[in-house]
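S.K.: Just a sequence and a predicted model for now, questions to come.
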Protein chains: 2
Amino acid sequence: MKIGVFDSGVGGLTVLRALLPRIANAEYLYLGDTARLPYGSKSQTTIARYAVSSSQFLIDQGCEFLVIACNTASALALEEIRQTAEPHGIPVVGVIGPGAAAAAAGTATRDALVVATSATVQSHAYAAACQRLGLRSLEKACPLLVPLVEEGWIDHAVTAEVVRLYLSELHQQAAEACLQPDTIVLGCTHYPLLRPVIEAAVAKLWPGAPPRVIDSAEATANEVERQLAAHTVVKNATTTHLSPPTSFFATDSVAKFCQLGTRFLGQPIGEVKLVDLGG
Amino acid sequence: MKIGVFDSGVGGLTVLRALLPRIANAEYLYLGDTARLPYGSKSQTTIARYAVSSSQFLIDQGCEFLVIACNTASALALEEIRQTAEPHGIPVVGVIGPGAAAAAAGTATRDALVVATSATVQSHAYAAACQRLGLRSLEKACPLLVPLVEEGWIDHAVTAEVVRLYLSELHQQAAEACLQPDTIVLGCTHYPLLRPVIEAAVAKLWPGAPPRVIDSAEATANEVERQLAAHTVVKNATTTHLSPPTSFFATDSVAKFCQLGTRFLGQPIGEVKLVDLGG
């Protein structure tokens, strides 16, 4: 079973990281469309065009299952990707549905907060997914968090201040909307690296009962495992690889992908192949 | 005379803004390659590919003179753009040479500082241009400044702190290198919007004789005027338009281009046409 994992950059490696121990008897292909990132500040038409050509690349490489490990592409182009993949019998799983489902499973108040990129928030894909599950939600765009993570300012006073400013606004909007959130979804695969900073800010803003931070990478990996079990490709201890074969592709500088990606994957990245998707 | 002005985004509008009053009897075409921005964090190969296809678009539209109002493209792809344009007899002016020349004209100590994007700094194009003019220089990448400007945090405490941190490092590196800079070049067309914040930080770090801040947009417009005078298309009071005809093109959301661009151009932007350069 070849599983294709796609993101605009290295952030989706947090999803791959969650998949590897769960579904170890598979082969993985990861594509980061780094020449055209970031998706989060672009229009729906452009995001869909980039996401479809990236998915097509993974299909051409023989992938039998696609994981869209990019919140922006999941929010704005999942339908277009499905139209490309499903005629080949290839299932597609994005990160929004599993993230919202994890929020629904964990909330007692039925009120959730979502932090994400501008494009994801403008799509209101999380709000729609939460609503389908009976949750009220409030979304907040945090455009500076991706550049701060890419600059490596993970544990930095400026990042803590930016996070505090964004979450303060969200806190106030939640109060104005009379929400009682007990859950906050990280709606961008870069944000798990800021989890300690985000949790610290949340604890200060909601001192009584701080909302629980939910990372959609784990939730997405669980959903992929569930769907693959239904497809009879079951995790099997006797044939499990200790380290499943994984190929990495990027559309821009492979050196930068390796350097930045190691932090997201949590282990060194071997060879990265440069691919040209046009444009 | 049709003058094509190209940038990855809206930043180059600061160059167009400087050109309009200087060369008023021309027609302007401005292209922002917004679908593929930012260039500043990408590799030379990718930047050159994007810059050449953007320049080709302006040539196809009938431009007779090209202004590369993008520091990153000027630093990494000017040669490739010239190879595309010069067979058609189209002169090409970038922003690096004029920026370095303005620094050389204004410095007494012959020591200059440059702040720019990562790709521009890694190319050392400013250092090379300064060296050709007999200047010593020190370059500093400031990757967070473009996202901060795009977020609209122009006059914001976080931006002031980020600017202070970057310039403090530059101040220390200059001291270690025994430089006595009296000039600091804004090597990115987004940075003029942060000029007051940058000047305030510079004044605190160099309290005796703060380096003078140089904006390469003005210097570039002067160089274009000089070259066009040599081409006999001289500014002529009798045929001068009050407001030269200007067409705007973008490869992504025209709404975002209008909204963000107005701040850079200093006047409202009318119609923006969406173009597809592939990719």
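M.R.: Everything's here; your move.
S.K.: For A:Leu29, give me its contacts.
M.R.: By CB atoms under 8 Å, 6 or more residues apart in numbering or on different chains, the contact set of A:Leu29 is A:Lys2, A:Ile3, A:Gly4, A:Val5, A:Leu58, A:Gln61, A:Cys63, A:Thr246, A:Ser247, A:Phe249. For the C-beta atoms, the positions are set from N, CA and C on the backbone; glycine is no exception.
S.K.: near chain B at all, the strand or helix carrying A:Val121?
M.R.: Using DSSP states H and E, A:Val121 falls within helix A:118-123. No - shown here: helix A:118-123 not in contact with chain B (CB under 8 Å from any CB of the partner chain), separated by at least 9.3 Å.
S.K.: Mind listing what's buried along that helix?
M.R.: Buried residues in helix A:118-123, counting neighbours by 16 or more other CB atoms under 10 Å in any protein chain shown, are found at A:Ser118, A:Ala119, A:Thr120, A:Val121, A:Gln122, A:Ser123.
S.K.: So the spatially most central residue of chain A, which state does it fall into?
M.R.: With distances taken as CA atoms, centre = their mean, A:Thr189 lies nearest the centre of chain A, 3.8 Å away. When classified by DSSP: H, G, I helix; E, B strand; the rest coil, A:Thr189 comes out as coil.
S.K.: Now it: closest residue in space, sequence neighbours ignored.
M.R.: A:Gly11 (3.3 Å; CB to CB, 6 or more residues apart in numbering or on different chains).
S.K.: wait, isn't that neighbour in contact with A:Gly261?
M.R.: No - using CB atoms under 8 Å, A:Gly11 is not in contact with A:Gly261, being 9.4 Å away.
S.K.: Mind checking which of those two has more residues around it?
M.R.: Between A:Gly11 and A:Gly261, A:Gly11 has the larger neighbour count (other CB atoms under 10 Å in any protein chain shown), namely 29 against 25.
S.K.: and the nearest residue to A:Gln61 once chain neighbours are set aside, what element?
M.R.: Once flanking residues are discounted, A:Gln61 sits nearest to A:Leu29: 5.5 Å by CB to CB, 6+ apart. Secondary structure from DSSP H and E places A:Leu29 in strand A:27-32.
S.K.: chain center to that strand: distance?
M.R.: 14 Å (CA atoms, centre = their mean, to the nearest Å).
S.K.: element containing the closest residue to A:Leu13 other than its chain neighbours?
M.R.: Nearest non-adjacent residue to A:Leu13, counting by CB to CB, 6+ apart: A:Phe264, 3.8 Å away. Using DSSP H and E, the element containing A:Phe264 is helix A:254-265.
S.K.: For the next helix or strand along the chain from the helix holding A:Val121, which helices and strands make contact with it?
M.R.: Next helix or strand after helix A:118-123 toward the C-terminus (DSSP H and E): helix A:125-132. Other elements packing on helix A:125-132 under the criterion 3 or more CB pairs under 8 Å, 6 or more residues apart in numbering or on different chains; DSSP states H and E are helix A:71-85, helix A:96-106, strand A:111-116, strand A:136-141.
S.K.: Need the winner for burial among the ones you listed.
M.R.: Of all the helices and strands packed on helix A:125-132, strand A:111-116 carries the top mean neighbour count, a mean of 28, counting by mean count of other CB atoms under 10 Å in any protein chain shown.
S.K.: angle of that one against strand A:136-141?
M.R.: Relative orientation of strand A:111-116 versus strand A:136-141 (axes from the mean of the first three to the mean of the last three CA atoms, to 10 degrees): 20 degrees.
S.K.: And the pLDDT at A:His190?
M.R.: A:His190 carries a pLDDT value of 93.
S.K.: Show the backbone phi and psi for it.
M.R.: Main-chain dihedrals, A:His190, degrees, to the nearest 10: phi -80, psi -30.
S.K.: Spell out the secondary structure type for the closest residue to A:Glu271 other than its chain neighbours.
M.R.: Closest residue to A:Glu271 apart from its sequence neighbours, by CB to CB, 6+ apart: A:Phe248 at 7.0 Å. Following three-state DSSP, A:Phe248 is assigned to strand.
S.K.: ditto for A:Gln180
M.R.: Assignment for A:Gln180 (three-state DSSP): coil.
S.K.: how about it, what does it touch?
M.R.: A:Gln180 neighbours (CB under 8 Å, 6+ apart): A:Thr109, A:Asp111.
S.K.: Look up how far A:Arg136 lies from it.
M.R.: 9 Å (CB to CB, to the nearest Å).
S.K.: same question, A:Pro210
M.R.: Taken as CB to CB, the span from A:Pro210 to A:Arg136 is 18 Å.
S.K.: residue ranges with poor pLDDT in the stretch 151-279 of chain A?
M.R.: A:231-242, A:279 (pLDDT under 70).
S.K.: ok, 80 please
M.R.: Applying pLDDT under 80 to the stretch 151-279 of chain A flags the ranges A:231-243, A:278-279.
S.K.: mind listing the helices for it?
M.R.: Per DSSP state H, counting those that start in this stretch, the stretch 151-279 of chain A carries helices over the ranges A:157-176, A:195-205, A:216-230, A:254-265.
S.K.: Can you lay out those helices as TSV showing distance to B:Val254?
M.R.: Below are the helices of the stretch 151-279 of chain A laid out as TSV (distance: least, CB to CB, whole Å):
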stretch	distance to B:Val254
helix A:157-176	28
helix A:195-205	34
helix A:216-230	32
helix A:254-265	30
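S.K.: Comparing those helices, which comes out most buried?
M.R.: Most buried among these, counting by mean count of other CB under 10 Å: helix A:216-230, with a mean of 20.
S.K.: name the helices or strands packed onto that one?
M.R.: Using 3+ CB pairs under 8 Å, 6+ apart: helix A:216-230 touches helix A:13-22, strand A:65-68, strand A:92-94, helix A:96-106.
S.K.: Reformat those as JSON lines; add distance to A:Ala85 and mean pLDDT.
M.R.: As requested, the helices and strands packed on helix A:216-230 are exported to JSON lines (distance: least, CB to CB, whole Å; pLDDT from 0 to 100):
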{"stretch": "helix A:13-22", "distance to A:Ala85": "17", "mean pLDDT": "95"}
{"stretch": "strand A:65-68", "distance to A:Ala85": "5", "mean pLDDT": "98"}
{"stretch": "strand A:92-94", "distance to A:Ala85": "5", "mean pLDDT": "98"}
{"stretch": "helix A:96-106", "distance to A:Ala85": "16", "mean pLDDT": "97"}
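S.K.: quick one, which of the ones you listed is nearest to A:Val197?
M.R.: Proximity to A:Val197 (CB to CB) singles out helix A:13-22 among the helices and strands packed on helix A:216-230, at 15.7 Å.
S.K.: Could you pull up the contacting residues of the closest residue in space to A:Ala85 that isn't next to it in sequence?
M.R.: Leaving aside its sequence neighbours, A:Ala85 sits nearest to A:Val92 (CB to CB, 6+ apart; 5.0 Å). Neighbouring residues of A:Val92 by CB under 8 Å, 6+ apart: A:Ser55, A:Leu66, A:Ile68, A:Leu78, A:Ile81, A:Arg82, A:Ala85, A:Glu86.
S.K.: Please apply the same query to A:Leu135.
M.R.: A:Ala100, A:Ala103, A:Ala104, A:Thr107, A:Arg110, A:Asp111, A:Ala112.
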